[in-house]
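Colleague: Turn this into a model:
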Amino acid sequence: MTLAVADSVHILTILFSLIRKGMSKHEAIAESLRINLQPVFLTSATTAIGFMTMNFSDAPPFRDLGNIVAMGVAAAFIYSVLFLPSLLAVLPIRIKEKTNNAVSARKPCDNLANFIINQRQFVFWSMLFVFVVLTAGILRIELNDDWIKYFSKRYDIRIASDFAEENLAGFNFIEYSLAAGETGGINKPEYLTKVDEFANWYRKQPKVVNVNTITDTFKRLNKNMHGDDKSWYRIPQQRDLAAQYLLLYEMSLPFGLDLNNQINVDKSATRMVVSLKGATTKELREEASDVLLQLKRMLPAEGYLTERMAQLRAKAHGIRNGHIARLEETRNVFAKQPTSAKKKAAAEMTAQYNQLVGIDTRLERLDKSAAEIELKIRELTSQAQRYTANYNHQKLCDCLKTAEKLQHHNSKLFKTIEHTESKLSAIAKKIATEVKQIEK
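Modeller: Modelled structure (predicted):
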């Protein structure tokens, strides 16, 4: 609307000025369009492009807002250069002659314009200096927000909110949806332990008032089922037992109540709500940064897997070369042995070498898996940093879930690497022992 009005004002101003100078209405319309078409187009195009950049926002409403405004700006340009001139050409136009009051009112503006034109060098450098000084203040801008303090203390909402902040919980909440990865997975002791560790870590953070999670219910039920013994206030260690506790608790709830506000229908994810008191948006962003650090603790360092695989490769290469060298060393010994012994020894050495070849194939697969995991670690870390900067807790929580799955996969890969390494060591010892026996 603002841009449409501004475009129309520019076209009409030039039009009235030209008519006062004696030009006919149609000629004045054509000349006004010729003068204003380029500036009106540039302002409309740059404004539309600026709003269309909102498509890069993570929030769908902002993307829709940017697209709608961009379409409105384009429509305003079309109406300004097509509909408005056509309407002016059809309708009668009455132009009032300038009065002395109008001329005197324009005089200050004319004087200002003449001063800027005559002293343009001085005005340019002065404005540039002022601009640089004011730009330096950008360094002091702090992205922070506390919406309650927008209201004066004389308003009821501020009085009630201050009382709630001091005596009850805070007004800031961070919610997480923690997926277990499978239907009924929230009953797994491993999953519950991870959620409980995450909740306990959050409880130690400053300004955190309360952390509401389903693990507290599991621990309380476990204690209740053991005669309220405080030593049993812990996560159940059997999945079936945890499922039975949850079923018993759901059946004991009054009619109309359930756990759908804490767990989803197929019991594959739980909800964790963190309440904070007196926290500003800056502090919430710092909280997200701490979550990012927690994420980094769950992932191996970048390059660790590929370095471990390089060491394993080098070890396999050394053993294979040693095996070939021992074959050369025992060639003369084989010449003195009977044919049956030669065949037996050759078969055993060939079998061992085939084992090494098989390990080489496995190492190739492990190399590929390690490279893929390294790539995922880099992508996950960069995503988490981006979500932290954008204060996107939901996406950051998704990164934590992915990190948990990746951590589980890493543990399997580490075990495979260790097993392969021990197998290589066993083959090396066996080769050395058999070579000694052949020499004897």
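
Colleague: does Val195 really touch Leu178, like I thought?
Modeller: Yes. Between Val195 and Leu178 there is a contact under CB atoms under 8 Å: 5.6 Å. All C-beta spots, glycine's among them, are computed from the backbone N, C-alpha and C.

Colleague: which residues do the two both contact?
Modeller: Overlap of the contact sets of Val195 and Leu178 (by CB atoms under 8 Å, 6 or more residues apart in numbering) consists of 270, 272.

Colleague: helix/strand/coil for Thr270?
Modeller: Following DSSP: H, G, I helix; E, B strand; the rest coil, the label given to Thr270 is strand.

Colleague: Please tell me how far the closest residue to it other than its chain neighbours sits from Asp196.
Modeller: Leaving out its chain neighbours, the residue that sits closest to Thr270 by CB to CB, 6 or more residues apart in numbering is Ile214, at 4.7 Å. Distance from Ile214 to Asp196, counting by CB to CB, to the nearest Å: 10 Å.

Colleague: Just the buried residues of stretch 25-42, please?
Modeller: By neighbour count with 16 or more other CB atoms under 10 Å, stretch 25-42 contains the buried residues 25, 28-30, 32-33, 36, 40.

Colleague: Just these: which are in strands?
Modeller: Judged by DSSP state E, strands contain none of those.

Colleague: Now, the residues you listed that are in helices?
Modeller: 25, 28-30, 32-33, 36, 40 (DSSP state H).

Colleague: Between all of the residues you listed, which two are separated the most?
Modeller: Lys25 and Val40 (20.0 Å; CB to CB).

Colleague: Tally up the residues packed near the residue nearest to Met52 when sequence neighbours are not counted, please.
Modeller: Spatial nearest neighbour of Met52, chain neighbours left out: Ala70 (4.8 Å); criterion: CB to CB, 6+ apart. By other CB atoms under 10 Å, the residues close to Ala70 number 21.

Colleague: thought Ala70 was touching Thr53?
Modeller: No. Applying CB under 8 Å as the test, Ala70 and Thr53 come out as separate, 9.6 Å apart.

Colleague: one step back: so which of Ile214 and Asp196 has more stuff around it?
Modeller: Ile214 (22 against 18).

Colleague: tell me the contacts of the more buried one?
Modeller: 186, 195, 259, 262-263, 270-271.

Colleague: Which of these fall in helices?
Modeller: Val195.

Colleague: Could I get the contacts of Ile214 in JSON lines, plus columns for neighbour count, pLDDT and distance to Val81?
Modeller: Listed next are those as JSON lines, based on neighbours: other CB atoms under 10 Å; pLDDT from 0 to 100; distance: CB to CB, whole Å:
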{"residue": "Ile186", "neighbour count": "27", "pLDDT": "87", "distance to Val81": "62"}
{"residue": "Val195", "neighbour count": "21", "pLDDT": "85", "distance to Val81": "61"}
{"residue": "Leu259", "neighbour count": "16", "pLDDT": "79", "distance to Val81": "61"}
{"residue": "Gln262", "neighbour count": "15", "pLDDT": "83", "distance to Val81": "59"}
{"residue": "Ile263", "neighbour count": "19", "pLDDT": "86", "distance to Val81": "59"}
{"residue": "Thr270", "neighbour count": "23", "pLDDT": "87", "distance to Val81": "58"}
{"residue": "Arg271", "neighbour count": "17", "pLDDT": "88", "distance to Val81": "54"}
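
Colleague: Fine by me, thanks again.
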